[in-house]
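here is a sequence together with a model predicted from it:
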Amino acid sequence: MRTALIAALKRTATGTRRGELSLAGRSVLARQVDWLRSIGCERILCLCEHVDGEVLRLQQEVEAAGGNFQALRGFLHLPALVRAEDDLVVLADGLLPDPAIAAPFFAQTPPRFVAALPTSSPLVADHPHDFERIDAQQHWAGLLAMRGAPVQHLADFPPDADAISLLLRLALQAGTPCRLLPGEEAAPVGWLLATDETALAAQEQALITRAAGAPDWRRPSQALARVAAQALAPQGLAKGPQIAAGAGAALNLGALAAAWWGAGAAALALTGLGALAAALAGSLGRMAGELLGKGASVVRLNRLDMAVDVACAAVLLIVLSPSGTLAPLAVLGPVLVGLARLTPSAGPLAVLADRAVLPGALAVAAVFGYLPHSTALFSLILLGGLLLRKPAGLS
């Protein structure tokens, strides 16, 4: 069994536990647990003073998801919990390792290493008590993986000793090899020690930017949604996807009502706004899945896209049949939406096929009385783009 040991003991200058500091809407301790479970740790042991606050909340969260989380007041029970054949991963209090940097350490099965930093590292200079000296050239980087057998020797030490420091020494005495963090940087940007709120601020913004993704202005609605989602994070991630999805549904219902009452331009404008709201819901949902660990099911992106397209097609069908009876040429509306759906997002016609741009352009055409002509023209343009597209597999 691969077991992980973390701690929620050290405090910031203001008295807050390091593990309780928030990073992009989730606590440092929760992010440590998420990462440890992602690398295959089946059981999480957490050293703490009291089983309360974030430790208790996280214990309930992990157990509700079917995981194993045990909070320990002291390390006296560790020898009984960790078997000799187990793999033990130890993470320093408040450390958030970069998954990409740490991944090579776990390529070996079973993993056996003590991650190290050079003595010249700024991390060592700034936090000498957290990154302990290993030898004349190296300091501990806050992460190690060792055999479970040396853990039994913890019973020989007084209960007020530093368990993490003891395990580091026991791992070294057992011959666990030291391995420097990969790369040429002495202080990797992603190797973060959460000592206070200031230390987390820059990392939080980097996480939010990465989760939002780079906006692609060939799809303006998606690009605007990503920019807006980045501005709303992290506060807007918990309820934002549902609120944006609800707003999109309300706008589309308003569009259908406006179309039924003959306000074609307003109906199409509302459809475009509904598409923007749905795109925002999708962007917030993706960010919530990555930053808060809620998974991609927060907002079903494919269902949102389909709902937006169906609403747009229905609005066009109604608006192009102003007399209340279905006009034969009104089917061009759903045909246009279908062609836009088939248009590649990276193609030259991606802007015209955008779910917000297309109804917006048609709304302008409706104001000047050219909606049927514009619908036919846009259909021909998109159809031509699809017909001229190079078939897949041809060079």
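Structure received. Numbers count the residues shown, from 1 in each chain.

looking at the strand or helix carrying Met306 now, give me its mean pLDDT.
Element membership for Met306 (DSSP states H and E) is helix 301-319. Averaging pLDDT along helix 301-319 yields 87.

just stretch 17-28 next, same as before
On average, stretch 17-28 scores 87.

if we can go back for a sec, ok, residues contacting the helix holding Met306?
245, 248-249, 252, 255-256, 259-260, 264, 267-268, 271, 274-275, 278, 281-282, 285-286, 326, 330-334, 336-338, 340-341, 355, 358-359, 362, 366, 371, 375 (Cβ atoms under 8 Å, 6 or more residues apart in numbering). All C-beta atoms are positioned from the backbone trio N, CA, C, and that covers glycine.

which SS state does the spatially closest residue to Leu273 that is not a sequence neighbour fall under?
In space, Leu273 comes closest to Leu251 once its chain neighbours are excluded; the distance is 5.0 Å by Cβ to Cβ, 6 or more residues apart in numbering. At Leu251 the chain is in helix, as set by DSSP: H, G, I helix; E, B strand; the rest coil.

Ala278 versus Leu251, what's the distance?
9 Å (Cβ to Cβ, to the nearest Å).

more neighbours: these two, which one.
Ala278 (29 against 21; other Cβ atoms under 10 Å).

need the phi and psi values for the residue lying closest to that one once chain neighbours are set aside.
Nearest in space to Ala278, with sequence neighbours left out and distances taken as Cβ to Cβ, 6+ apart, is Gly248 at 4.0 Å. Main-chain torsions, Gly248, degrees, to the nearest 10: phi -60, psi -40.

neighbours around Gly248, how many?
Gly248 has 24 nearby residues by other Cβ under 10 Å.

so what's it up against?
274-278, 280-281, 304, 307-308 are the contacts of Gly248 under Cβ under 8 Å, 6+ apart.

for Val90, same thing?
So Val90 contacts 4-5, 143-146, 164, 167-168, 171 (Cβ under 8 Å, 6+ apart).

let's see the pLDDT reported for it.
Per-residue pLDDT puts Val90 at 95.

what is the least confident helix or strand in this structure?
Counting by mean pLDDT, DSSP states H and E, the chain has its least confident helix or strand at helix 197-212, which shows a mean of 79.

where does this structure dip in pLDDT?
For the chain, applying pLDDT under 70 flags the ranges 183-187, 189, 293-302, 323-324, 326, 390-395.

need the contact list for the spatially most central residue of the chain.
Nearest to the geometric centre of the chain sits Glu290, at 1.4 Å (Cα atoms, centre = their mean). Contact partners of Glu290, counting by Cβ under 8 Å, 6+ apart, are Ala211.

which element is the residue nearest to Arg355 when sequence neighbours are not counted on?
Counting by Cβ to Cβ, 6+ apart, Ala275 is the residue found nearest to Arg355 once chain neighbours are left out, at 3.8 Å. Applying DSSP H and E as the criterion places Ala275 in helix 264-291.

run the chain-centre distance for that helix.
Its chain's C-alpha centre and that of helix 264-291 lie 19 Å apart, by Cα atoms, centre = their mean, to the nearest Å.

stretch 30-50 now?
With Cα atoms, centre = their mean, you get 18 Å for stretch 30-50.

dump it to PDB, restricted to CA.
What follows is stretch 30-50 as a C-alpha-only set of coordinates in PDB (Å, rounded to 0.1, in the frame of the first residue of the first chain):
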ATOM      1  CA  ALA A  30      -6.800  20.000   0.200                       C
ATOM      2  CA  ARG A  31      -4.400  20.500  -2.800                       C
ATOM      3  CA  GLN A  32      -1.800  18.400  -1.100                       C
ATOM      4  CA  VAL A  33      -4.300  15.600  -0.700                       C
ATOM      5  CA  ASP A  34      -5.600  15.900  -4.300                       C
ATOM      6  CA  TRP A  35      -2.000  15.600  -5.600                       C
ATOM      7  CA  LEU A  36      -1.100  12.700  -3.300                       C
ATOM      8  CA  ARG A  37      -4.200  10.700  -4.300                       C
ATOM      9  CA  SER A  38      -3.500  11.400  -8.000                       C
ATOM     10  CA  ILE A  39      -0.100   9.700  -7.700                       C
ATOM     11  CA  GLY A  40      -1.600   6.600  -6.200                       C
ATOM     12  CA  CYS A  41      -1.600   7.200  -2.400                       C
ATOM     13  CA  GLU A  42      -4.400   5.000  -1.100                       C
ATOM     14  CA  ARG A  43      -4.200   6.300   2.500                       C
ATOM     15  CA  ILE A  44      -3.500   9.800   3.800                       C
ATOM     16  CA  LEU A  45      -2.200  10.300   7.300                       C
ATOM     17  CA  CYS A  46      -2.300  13.900   8.600                       C
ATOM     18  CA  LEU A  47      -0.400  15.000  11.700                       C
ATOM     19  CA  CYS A  48      -2.300  17.800  13.500                       C
ATOM     20  CA  GLU A  49      -2.900  19.400  16.900                       C
ATOM     21  CA  HIS A  50      -6.700  19.000  16.900                       C
END
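
one step back: closest to Ala24 out of the contacts of Gly248?
Minimum distance to Ala24 across the contacts of Gly248 is 18.1 Å, recorded for Leu280 (Cβ to Cβ).

check contacts around that closest one.
224-225, 228-229, 240, 244, 248.

among the residues you listed, name the ones in helices.
Among those, the members falling in helices are 224-225, 228-229, 240, 244, 248 (criterion: DSSP state H).

what's the closest non-adjacent residue to Val335?
Per Cβ to Cβ, 6+ apart, closest to Val335 is Ser379, 5.8 Å.

elements contacting the host helix or strand of that neighbour?
Per DSSP H and E: Ser379 is located in helix 371-387. For helix 371-387, the packing partners by 3 or more Cβ pairs under 8 Å, 6 or more residues apart in numbering; DSSP states H and E come out as helix 332-342, helix 357-367.

to Leu200, which of these lies closest?
Comparing these by Cβ to Cβ, helix 357-367 comes nearest, at 38.1 Å.
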